[in-house]
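1. Sharing a model prediction with you, sequence too.
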Amino acid sequence: MEKKRILTGDRPTGRLHIGHYFGSLKTRVEMQNSGKYDPYILIADVQALTDNFNNPDKVRKNVREVMLDYLSVGLEPEKTTIYIQSMIPEVAELTVFYSNLVTISRLQRNPTVKTEIAQKKELFGESVTYGFLGYPVSQAADITAFEGALVPVGEDQLPLIEQCKEIVRKFNSIYGETLVEPEAVLSNAKRIKGLDGNEKMGKSLGNAIYLSDTPEEISKKVMSAVTDPNRIKKDSKGNPDICMVSYYHKLFSPKEECENVCEECRAGKRGCVACKKQLANNIIKTLEPIREKREYYEKRPELVDKFLIEGTQKARETAKETMKKVKRAMKLDYFE
Ligand code: TRP
């Protein structure tokens with residue numbers, strides 16, 4: 001049986017953090033290593049430009065940072081095809097074709113787009129760009145260019161997959177059965193809260209631990225994590241349920257250690273500083289192999305580029321095949 005193709009990706013707007021790790025990277029590595037799939041991962045630089053068009057340096061730099069993060073967590077170019085979105089012109093072409101199949105009001109009603117526009121008032125002012133409003137169309141091109149894609153996503157991305165399916169159905173109903181409808185795979189991975197207790201971990205929020213952070217940076221960040229505000233003195237009784245340190249202990253520390261920490265906190269027998277030190281050590285230990293691998297590749301930029309070039313070439317071949325079918329269906333195959 002042919003292996004099912006998986007398609008996922010990230011916008012290269014910053015280095016990846018532990019939120020990405022638990023939210024998607026871990027699952028991607030597991031799926032890769034299961035050998036049951038044919039995984040593709042795109043570094044979505046074109047999509048990143050939709051809300052960073054005024055900052056091309058940032059996007060360019062982060063393409064390599066994200067690639068280093070991928071390699072550091074154990075994604076392997078021999079098993080996972082990793083490619084740069086802007087280097088697949090077929091995706092841009094498909095985006096133009098699909099733009100006839102989606103209305104402006106439908107895009108405006110897309111919950112993901114709506115939320116993001118609200119968050120980006122500073123960039124867009126009162127009027128959003130055509131490119132940003134239309135990025136779900138480009139994402140539909142990302143997915144369909146590679147056929148039969150299973151798309152593992154977080155909940156916030158579901159409306160984008162739904163919109164992609166609608167485009168596929170519309171395309172197929174007008175031009176004949178051509179495109180493959182993707183299937184969203186809702187990952188059981190969790191969304192990690194920030195060090196400050198914010199629901200989301202993110203660069204703009206300044207509450208993230210990066211996969212590339214040094215032990216010193218990790219320790220410093222953990223020291224700033226929000227704990228039970230009612231716990232004023234070292235021996236007052238704490239409530240680990242509202243403490244970010246205990247929240248991260250559950251992610252990074254052995255079960256027994258977690259139980260111990262919580263029990264002693266409730267009894268007022270453990271100070272927050274000691275608790276944070278212990279957590280910082282466990283995070284550092286967990287991230288150590290990732291950081292080491294990252295350093296290995298940081299020192300070998302030509303190898304990293306080689307991986308990117310080869311992945312992109314392979315992806316391009318796949319996209320070209322789809323493009324042939326699309327052009328035939330749309331009667332644009334003039335001299336074939
Ligand atoms: N929208 C995704 C994000 O912001 C990135 C992305 C671009 C993507 N194209 C994709 C994800 C195709 C899955 C499939 O994280």
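-> Arrived safely, thanks for sending. Keep in mind that this is a model prediction, so the values were computed, not measured.
2. rest of the way, CA atoms for contacts and neighbours
-> Fine.
3. Show me which positions of stretch 84-102 end up buried.
-> Across stretch 84-102, burial judged by 16 or more other C-alpha atoms under 10 Å covers 84-88, 90-92, 94-95, 97-98, 102.
4. Go through the residues you listed and name the one nearest the ligand.
-> Distance ranking of the buried residues of stretch 84-102 against the ligand, using C-alpha to the nearest ligand atom, places Q85 first at 8.3 Å.
5. and the buried residues of stretch 84-102, which of them are in strands?
-> I84 (DSSP state E).
6. among the buried residues of stretch 84-102, which are in helices?
-> In helices, judged by DSSP state H, the following of those are found: 90-92, 94-95, 97-98.
7. Specify which member of these is nearest to L49.
-> Nearest to L49, judged by C-alpha to C-alpha, of those is A92 at 13.4 Å.
8. Residue of the stretch 151-300 of the chain nearest the ligand, please.
-> At 6.1 Å from the ligand, V151 is the closest residue in the stretch 151-300 of the chain, using C-alpha to the nearest ligand atom.
9. can you confirm that residue is in a strand?
-> Yes. Counting by DSSP: H, G, I helix; E, B strand; the rest coil, V151 is found in a strand.
10. That one contacts A184, correct?
-> Yes. Judged on C-alpha atoms under 8 Å, V151 makes contact with A184 at a distance of 4.7 Å.
11. what do those two both touch?
-> I161 (C-alpha atoms under 8 Å, 6 or more residues apart in numbering).
12. how far away is the nearest residue to D241 once chain neighbours are set aside from L195?
-> Closest residue to D241 apart from its sequence neighbours, by C-alpha to C-alpha, 6 or more residues apart in numbering: Y247 at 7.6 Å. Plainly put, Y247 is 10 Å away from L195 if you go by C-alpha to C-alpha, to the nearest Å.
13. Same question for T286.
-> Note on T286: its distance to L195, by C-alpha to C-alpha, is 17 Å.
14. So these two - more neighbours on which side?
-> Neighbours of T286 and L195, each counted by other C-alpha atoms under 10 Å, are more numerous for L195; the result is 27 against 13.
15. shaky segments in the stretch 151-300 of the chain?
-> Nowhere does the stretch 151-300 of the chain drop to pLDDT under 70.
16. Can you show me the helices along it?
-> Here the stretch 151-300 of the chain has its helices, by DSSP state H, counting those that start in this stretch, at 158-175, 215-223, 244-252, 255-266, 272-298.
17. From the recorded domain assignment, give the ranges for this structure.
-> 4-193+301-329, 213-295 (automatic domain parsing).
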